[in-house]
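Colleague: Compute the structure for the input listed below.
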Amino acid sequence: MLSARDRIKQPEELKEILNSIKKSVVFTNGCFDILHIGHLRYLEEAKKLGDILVVGVNSDSSVKRLKGDKRPINRLSERMEMLAGLKPVDYVTYFDEDTPYNLIKFLAPDILVKGGDWKANEIVGSDIVLEKGGKVLSLNFEDNFATTNTIEEIIKRYCK
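Modeller: As a prediction, the model looks like this:
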């Protein structure tokens, strides 16, 4: 069994691995700044859809552009290793753009998923996956689980 660090791959290395196996690949992405139970449940659900679950993680500069100067809380290397240590996750890689479009095009997964706050036709990269005969799914969304909520709760409790 691979260690968490061994499951973190550069995009080029990951593409070689995925091309060498004949299994269905599920891809999802996100910032995953502070992991919470909503993330775990989402990743467990995603894993059930195929053989290999790949998670693309926004780089630190990408998170900063999307979420503001105070984010991310955790560095990319830490976020990727935490994700790679979760049972449902097979491989973790990263992307530096604001969206994973180029990474999805490069890796060409069979199944693309995002949380239920995304409509399937709005998921970045859906055109790529559908064009090659794959599936695009919007998974269940669990309310009240968000990194922003966690940060706000910490501030509320400790910054009085």
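Colleague: Secondary structure element holding the closest residue in space to Leu107 that isn't next to it in sequence?
Modeller: Excluding the flanking residues, the one nearest Leu107 by CB to CB, 6 or more residues apart in numbering is Lys15, at 5.8 Å. In this view, the C-beta of every residue, glycine as well, is placed from N, C-alpha and C. Take DSSP states H and E as the rule and Lys15 turns out to sit in helix 11-20.
Colleague: Return the set of buried residues in that helix.
Modeller: Leu14, Lys15, Leu18 (16 or more other CB atoms under 10 Å).
Colleague: Going by contacts, tell me the helices and strands next to it.
Modeller: strand 52-58, strand 91-95, helix 101-107 (3 or more CB pairs under 8 Å, 6 or more residues apart in numbering; DSSP states H and E).
Colleague: Now the element after it, going C-ward?
Modeller: Next along from helix 11-20, by DSSP H and E: strand 25-30.
Colleague: got a list of contacts for the helix or strand following that next one?
Modeller: From strand 25-30 onward toward the C-terminus, using DSSP H and E, the following helix or strand is helix 37-47. Under the criterion CB atoms under 8 Å, 6 or more residues apart in numbering, residues 26, 28, 30, 32, 53, 55, 83, 86-89, 113, 115, 139-140, 142, 144-146 lie in contact with helix 37-47.
Colleague: List buried residues within those residues.
Modeller: 26, 28, 30, 32, 53, 55, 83, 86, 88-89, 113, 115, 139, 142, 145-146.
Colleague: From the centroid of the chain, which residue is nearest?
Modeller: Asn29 (2.6 Å; CA atoms, centre = their mean).
Colleague: Now do the contacts for that residue.
Modeller: Val55, Gly56, Val57, Asn58, Phe95, Pro100, Leu103, Lys114.
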